[in-house]
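In: coords please:
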Amino acid sequence: MNLSFFQKTLLVLAGISLLGALLSGAANYRSAVTAAKAQVIDRIKGDLRASTEYFDQVYTTRIRSDLASLEAMSSLRQFIALPKESRHLPQADTEQELVRLLDANRRYHSIRFIDDEGIQRIGARKGKRIKGSVSIDQRAKGDDHYLRIAEMFGKLKNEPPQTILFSPPFKDSRKEAVFLAGIGKMDPDIGGFGGAVIISCSLSDYLEQVSAFKMFGKVITWIFDQKGNILYHPLDTDRSPNPLPYVNGGKEPPEDHIILSRSVKLGPQPEDFLVLACSVPPDMVASASGPIIYSTAAVILLTAGFSVLVSFFVARRLAAPVSALARASRVIAGGDFSARVEPGGGGELEMLEHSFNTMADNLEKTTVSMALFREQKERAQMYFDIAGAMLLALDLEGNVAAINNKGCRVLEYESGDIIGRQWFECFLPEKIGGKAKSVFDDVIQGKSHLVEYNEKPVLTKSGEERIIAWHNSLMHGPDRSIKGVFSSGEDITERRRAEEALRRKEVQLQVILEATADGILAVDNRGKVIKANRRFVELWKMPQSIVDAGDDHAMLNHSMGQVIDPEPFIQKIRSLNNTASLDMDTLFFKDGRVFERYSAPLMQEGAVIGRVWSFRDIKERKQAEEQRLAMERNLQQTQKLESLGVLAGGIAHDFNNLLMGLLGHADMALIKLSPVSPVRENLQQIKNISQRAADLCRQMLAYAGRGRFLVESIDLNVLVEEMVHLLKTSISKKAALKLNLHRKLPAIDADAGQIRQVVMNLIINASEAVGEKSGVITVSTGVEECETGSMTQDCLENGLPSGSFVYLEIADTGCGMDKQTVQRIFEPFFTTKFTGRGLGISAVLGIVRMHKGAIKIASEPGEGTRFKVLFPALPIRPEPGGMKEESDRFDWRGSGTILLVDDEAIIRQVSRQLLESLGFSVLTASDGLEALDIYRKKNREIALVLLDMTMPQMDGAETFREMQRHSPDVPVILSSGYTEQDVSSRVSGKDFAGFIQKPYTLKNLRDELRRILKDNTKACR
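Out: Purely as a prediction, here's the structure:
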């Protein structure tokens, strides 16, 4: 609108008048709202204060007073003062007092007394008795009321005397009501914790009083506990939203929203409180300031109406010429260029009317020319856009002059976002944009020729690079000057990606083929080689020139010369040609190799185009399978030997118990007979035979491995004699077993069980070497002096120190061994026998090395074999003892009481007689339980316990531990048919006084008792 200075001044004054009226009304409105809000806040604060004071007066103060009365109740004070075992509470009187207090306050729900152990002793509830002698922890499961009581009771134990705590108000899910509980600590006069009295009250009337607190007919009050749980809220939460996030969360309330809160202190802890909060939305505040707002609005409306009326009359005069111009403009905009205006507005308006008419004349002439141009352009654009390739025109600056729809789709832009933009900066990757622009400038300036074809990436809107194949040409003007570059492009991105993916797959396939352990050969239907990996060439030992030539006949001729029977393989190749069959078999080679062969058709779109052959060298797998089967046989044999050992150990143990009876009765008979009785010789023979049987049992136990690895000083001769006696029935009947033992042999430090294993393995090996022919096995012992370095040529273990060695030599007249066999004889599982176990000799080597010894081997085929095993000898010690010491031992007698524990009646009988013959009184027990019972009753008179290890119900080990627990210093002799090492492992960590192995004689028993009781004045003399 083009106005004169007078007209503009008039409109500005009218606007200022209207703006002043609006600002004045706004100020009055804001003042009214602020005053109304202050009134609302003062009212809410007063109501919150009254509500909290009401709560404190009606609930917390009253409950504190009544809890103090309950704590002083005489019946309860007397109850907590008594010892726990003599406590008694007069139920009737106490309950009557609780009911009286309950009836005196209509808000009380229940009153309880709980002792210091958490047991509810008595209680009263309105309309119903409370069951006594109930654990509050048990009742707390599934009961909200008892759960709160249990929580407060747990906190109260650690509080000072006369402490009163309040629970946060809580909802009882069963009653859908809100309760408050107060608990007071009761302490006996002598100190300590005596229990607690609890008053639970309903908050129903308080919530009713809170619900009466309304603003404009709406409840606006919320109640929360200390954890933020809602105990009460208005029904219309949309009108009064939850204020908790603004009270505790630190958040600012929405604009003009009033949030006020007040806490009710419940207990001594900072967290014991109740929160009352009011939430008043802006519309309620606005309701309070309604009258003021209405009057202010009336003033604003009157002022605005007057201003509008004045402006109307002024604008009516000024708008007439402008309206005429607007109507003419609309006509021209509608396509009718004949519209004109009549000048006559005067001043600036008249000049505007003349200019408008001139513009309309020029526009009418131009429109006709533009219509013709537009028609030609649309036709050209249609041809441009239907092209299937990108069409791009660049001006002399490299800006996009034109681009078709295909180009827009590739670049992911609208044409309007592309036209006029710099092509090299906006639509090419940064890494090539600068260089491409430099080349473009050289072409435009005539410094270089245009490249008619190239492949370059473009950058799309999403940031993706697309590869375009460009065909380029220069655009010339009428004067043949360069006007720009025109290019057509084809998006070849997917084609390049497919080519790259195919190339990667070919590389991956080649890597897989070369990495596989199988030899792979692929041929077409004519037998031409398509692919062969390096492993195929290695397996068939084929010259690379034959593979490169691709001649299947040359490859077949080279390969078949290596196969044992090539004809079936050649027939198979011919039968599988051009078929879809799968096939596999095994090829055996002249050099011992074994190939697993697999063949499958090479398919393409359902048609057979060739065949793939796969070859795998399975020689090592075959050998591994054979070794696995051999190990399984060895394991089965080992398990049989272990089972035999277990059986032998069990038989030896039981047989020892029987021999105990024979030896014991023989000893007792010899004591009672006259020295000149002719029967003494017979009894002595019975005793000797029993001793030999006991030795046999000990050897069986040693064979069974009953005992730990225990290095001790042993006599090799004694051990060899035992093992030879044991093995006589196990070796070949054609082999004669001879002993050649050095009688003054030094002792060696060794584990007897391990040395027995060495003797057994070498003798059995010698027996198998003799076989079914007659032969001799000679077992010798002796002493050999060795110097450093003298053993290096003959021993497998180098660096043997100089000194004296005890040797064990086992020679046979069997088949002997060659040098190659001798070199491998210590390899695990190496054997020259069909039934060999494979670990015997290697186990011997391991045992000898553990004992720091060495082995010599001498063998020739047909001449037999000689094994010499050397062990470091111990220094010779003088033999102790004398006739007087032996006489003292024989005359020794004891006194006192011995507890004899054994489940075998015959052993209890004979052992009792042996002990009584030595001067002892004997108590007997048949099992561990009976022994413990006797020991507890008579432990003061029992000097020693003779305890069997193997018994039913409670064995000897458990009985021994129980006796030690009752009396740690009790001397106990353990007795068993097994060895001391086996027994020691069962009572490891416990000190037993001694051990005596069954069967034992009177002499064995006397020596062990004398050794243990020599310092015990209660049991010897």
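In: which parts of this structure belong to which domain?
Out: The record's domain parsing of the chain by automatic domain parsing lists 43-287, 387-497, 516-617, 708-877, 883-1013.
In: and of the ones you listed, who's closest to residue 27?
Out: Residue 27 sits nearest to domain 43-287 of all these, at 16.9 Å, using C-beta to C-beta. In short, each C-beta sits where N, CA and C put it, glycine included.
In: ok, residue 482 touching residue 440?
Out: No: between residue 482 and residue 440 there is no contact under C-beta atoms under 8 Å: 11.2 Å.
In: more neighbours: those two, which one.
Out: Set side by side, residue 482 and residue 440 show more neighbours around residue 440, with 21 against 15, by other C-beta atoms under 10 Å.
In: ok, that one to residue 898 distance?
Out: Between residue 440 and residue 898 the distance, using C-beta to C-beta, to the nearest Å, works out to 119 Å.
In: can you pull the contacts of residue 62?
Out: By C-beta atoms under 8 Å, 6 or more residues apart in numbering, the contact set of residue 62 is residue 105.
In: name the SS class of it, please.
Out: Under DSSP: H, G, I helix; E, B strand; the rest coil, residue 62 falls in the helix class.
In: that one and residue 124: what is the separation?
Out: According to C-beta to C-beta, residue 62 and residue 124 sit 17 Å apart.
In: nearest to residue 36, of the domains of the chain?
Out: domain 43-287 (5.9 Å).
In: next, format the domains of the chain as CSV and append mean pLDDT and distance to residue 669.
Out: Below are the domains of the chain laid out as CSV (pLDDT from 0 to 100; distance: least, C-beta to C-beta, whole Å):
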stretch, mean pLDDT, distance to residue 669
domain 43-287, 77, 65
domain 387-497, 91, 108
domain 516-617, 86, 75
domain 708-877, 80, 28
domain 883-1013, 86, 10
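In: dump the one helix or strand residue 571 maps to to PDB, restricted to CA.
Out: Per DSSP states H and E: residue 571 is located in helix 566-576. Output of helix 566-576 as PDB, limited to C-alpha atoms (Å, rounded to 0.1, in the frame of the first residue of the first chain):
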ATOM      1  CA  PRO A 566      45.300 -99.900 -11.800                       C
ATOM      2  CA  GLU A 567      42.800-101.700 -14.000                       C
ATOM      3  CA  PRO A 568      39.700-101.400 -11.700                       C
ATOM      4  CA  PHE A 569      40.400 -97.700 -11.300                       C
ATOM      5  CA  ILE A 570      40.600 -97.100 -15.000                       C
ATOM      6  CA  GLN A 571      37.400 -99.000 -15.500                       C
ATOM      7  CA  LYS A 572      35.700 -96.800 -12.800                       C
ATOM      8  CA  ILE A 573      36.900 -93.600 -14.500                       C
ATOM      9  CA  ARG A 574      35.300 -94.700 -17.800                       C
ATOM     10  CA  SER A 575      32.000 -95.900 -16.200                       C
ATOM     11  CA  LEU A 576      31.600 -92.600 -14.300                       C
END
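In: chain center to that helix, what's the gap?
Out: Centroid separation for helix 566-576 versus its chain: 56 Å, with C-alpha atoms, centre = their mean, to the nearest Å.
In: just stretch 114-132 next, same as before
Out: 48 Å.
In: residues in contact with that stretch: which ones?
Out: With contact meaning C-beta under 8 Å, 6+ apart, stretch 114-132 is reached by 79-80, 87, 89, 91, 94-95, 98-99, 102, 108-113, 133-137, 139, 149-150, 153, 192-198.
In: what comes into contact with the helix or strand encompassing residue 614?
Out: Using DSSP H and E, residue 614 sits within strand 607-617. With contacts defined as C-beta under 8 Å, 6+ apart, strand 607-617 is touched by 517-525, 530, 536, 539-540, 576-580, 587, 593-603.
In: need phi/psi at residue 727.
Out: The phi/psi pair for residue 727 (degrees, to the nearest 10) reads phi -90, psi -10.
In: ugh, wrong one, residue 491
Out: The phi/psi pair for residue 491 (degrees, to the nearest 10) reads phi -80, psi 110.
In: are any of the contacts of stretch 114-132 buried, and which?
Out: 79-80, 89, 94-95, 98, 102, 108-113, 134, 136, 139, 149-150, 153, 193-198 (16 or more other C-beta atoms under 10 Å).
In: okay, and which of those map to helices?
Out: The helices, defined by DSSP state H, take in 79, 80, 94, 95, 98, 102, 136, 139, 149, 150, 153 from these.
In: nearest to residue 412, of these?
Out: Of those, the one sitting nearest to residue 412 (C-beta to C-beta) turns out to be residue 150, at 69.0 Å.
In: nearest residue to that closest one other than its sequence neighbours?
Out: residue 140 (4.2 Å; C-beta to C-beta, 6 or more residues apart in numbering).
In: before we move on, what about residue 432?
Out: Once flanking residues are discounted, residue 432 sits nearest to residue 456: 6.7 Å by C-beta to C-beta, 6+ apart.
In: how far off centre is the helix or strand where the one you found lies?
Out: Using DSSP H and E, residue 456 falls within strand 453-459. Strand 453-459 has its C-alpha centroid displaced from the chain centroid by 53 Å (C-alpha atoms, centre = their mean).
In: helices and strands around it, which ones?
Out: The contact analysis (3 or more C-beta pairs under 8 Å, 6 or more residues apart in numbering; DSSP states H and E) places strand 453-459 against helix 430-444, strand 465-476.
In: apply 10 Å and report the result again.
Out: Counting contacts by 3 or more C-beta pairs under 10 Å, 6 or more residues apart in numbering; DSSP states H and E, strand 453-459 packs against helix 405-411, helix 430-444, strand 465-476, strand 482-491, helix 493-515.
In: distance to residue 419 added to those, as JSON lines?
Out: Below are the helices and strands packed on strand 453-459 laid out as JSON lines (distance: least, C-beta to C-beta, whole Å):
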{"stretch": "helix 405-411", "distance to residue 419": "10"}
{"stretch": "helix 430-444", "distance to residue 419": "18"}
{"stretch": "strand 465-476", "distance to residue 419": "16"}
{"stretch": "strand 482-491", "distance to residue 419": "13"}
{"stretch": "helix 493-515", "distance to residue 419": "24"}
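In: of the ones you listed, which is nearest residue 229?
Out: strand 465-476 (59.7 Å).
In: what's the closest one packed up against?
Out: Where contact means 3+ C-beta pairs under 10 Å, 6+ apart, strand 465-476 is packed against strand 390-394, helix 405-411, helix 430-444, strand 453-459, strand 482-491, helix 493-515.
In: out of those, deepest packed?
Out: Comparing these by mean neighbour count (mean count of other C-beta atoms under 10 Å), strand 390-394 ranks first with a mean of 22.
In: quick one: that one to helix 430-444, angle?
Out: Calculated by axes from the mean of the first three to the mean of the last three C-alpha atoms, to 10 degrees, strand 390-394 forms an angle of 60 degrees with helix 430-444.
In: on that earlier part again, which neighbours do residue 482 and residue 440 have in common?
Out: 396, 450 (C-beta atoms under 10 Å, 6 or more residues apart in numbering).
In: quick one: terminal-to-terminal distance for stretch 211-227?
Out: 22 Å (C-alpha to C-alpha, to the nearest Å).
In: ok, stretch 115-132 next?
Out: Taking C-alpha to C-alpha, the first and last residues of stretch 115-132 lie 11 Å apart.
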